[in-house]
Each structure stands twice: as structure tokens, then as C-alpha cells.
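**Student:** Just the structure for this:
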Amino acid sequence: EERRLKHLKLRIEKKRFREIARKLIETVVHVAQPKALYRVARITAMDGETVEIEGVKFTDRLLRGILSSNKVEEVFPSVSTAGTEVVAIQIPDNDAVEQYCLNLIQRMVFTSANDFLRAHLREQYSLGKIKRLNSPAELIYWPVVQFAEHFSLFGDVEGLIGVKVTDPYLKSPLKVPLPHMLWPLFSGTRITFPAETDFVRCLLCPEQCIGRRVPYDAALVKKYLDVAQ
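**Tutor:** Below you'll find the model as predicted:
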């Protein structure tokens, strides 16, 4: 009897989840406006741990090693976002299931912006293989989270697509303290570049997450770091 009750409860929960997800998807479809901003940027200098992109200096040995090893001369910095419209959707604070569903849908909208940008860059610039780094927060050797420098490559990012850097030490929805965050949620900065190597970002990151595709490769990280000595 206890097993039957548990099975019934699970069926009810799944049904409620589907109903909530269906309702939220209908809402999001009518308001979502994912956006992406990018530019073509020349690497104007590389020196030690520093990479200079269009005169803007970024300090990171790993980034320097990756770009140097792949003989990259131009990069495509970008800012993408699910948009302020989906963040403005109001739901009850005490409904954890509804909040979870909405977060999943918002992440899917953000992913669609990134997928569109990736396809556009390939088609517009006849690129073959391309690699993307979630800059600058993804690279653990970056001593300062240089969102301001990244934004300076575009001008008024907030005016163009509504993305801005929040106050330092603001916590994410997952309650993970980070040096800086972007607003709205589900926004990100990236550097895309042509590369024939097969590395993926997960090889460079020791953090465990649900999105990991391949194991962390300490030897590969060391190889890139040695290039930037």
C-alpha cells in the first residue's frame, strides 16, 4: 500500500510539473527576446600573461597560451542574454517547482541566443571549427574578473541589449558567492575564435558541474600556461 501511495504521489507531482512547465512556456514564448552582441576584434599585442584586444588589456596566462598556441589573430568577443523580458516574469516566491521550471526555460532561451550567434559567426565569416571561452570568469587563472574591460569593447552594453555588471559579491540564484555577476540573470560574456584543435572548455576547468562533457585535463592546462611564461 505504501508503494502504491508513493507511486501515486510521483504521478501527481509529474503531472503538476508538466502543467506548470506548459503554462510558463506559453508565457515565455510571447515575451522572450534573447539578444546577442558581438564584434570582430584584432589581437593587438601579447606579452607574458597579457593579451591585448583592440588596445584593451586582459591578464591571464591561460587565455594567452590558448590564443598563442592556436595562432589566433582575430577574435569575436560577445555578450549574450536571455533578455530582461523573461527575467521580469513574476511567479510566487514560495513555489519552488514553478521557480525551478522558469529557471530551466530561461536557461533554454539563453542557450538559443548563444546557438544563434555561433551559427551566425560561422556563416557570416566562413569559419570552420570555432572555440568559445566564457570569458573572463571561466578561466580560473584570471586574477581579476574583467567584465568592465570586456564591455569596453562594445560601448554602452546596457543601452544596446540591457546587460550590466551588478555590485560585487552579489550571490547567484544557486547561492554561490562570485566576484561579480551580470544582470539580467542568464547573461554571459564570451570570446570566440577559429581553432583547429579539438579541445573543449571543460578540459580547462577543474570545477564539477552538471554540464561537464569531458574530464579536466591538467596536462593541457599546463601546456597552455607554459606557452605564456
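**Student:** Need the per-residue pLDDT for the closest residue in space to residue 185 that isn't next to it in sequence.
**Tutor:** Leaving aside its chain neighbours, residue 185 sits nearest to residue 87 (5.8 Å; criterion: Cβ to Cβ, 6 or more residues apart in numbering). Using the backbone N, CA and C atoms, a C-beta is placed for each residue, glycine as well. Listed pLDDT for residue 87 reads 87.
**Student:** Would you list the phi and psi of residue 87?
**Tutor:** phi -70, psi -30 (degrees, to the nearest 10).
**Student:** my guess is it contacts residue 107, does it?
**Tutor:** No - Residue 87 is beyond contact range of residue 107, at 11.9 Å (criterion: Cβ atoms under 8 Å).
**Student:** what about the residue nearest to residue 221 when sequence neighbours are not counted, how many neighbours?
**Tutor:** Nearest non-adjacent residue to residue 221, counting by Cβ to Cβ, 6+ apart: residue 204, 5.8 Å away. Using other Cβ atoms under 10 Å, residue 204 has 21 other residues around it.
**Student:** now do residue 42
**Tutor:** Other residues near residue 42 number 12, with proximity taken as other Cβ under 10 Å.
**Student:** again with residue 18
**Tutor:** Residue neighbour count, defined by other Cβ under 10 Å, stands at 11 for residue 18.
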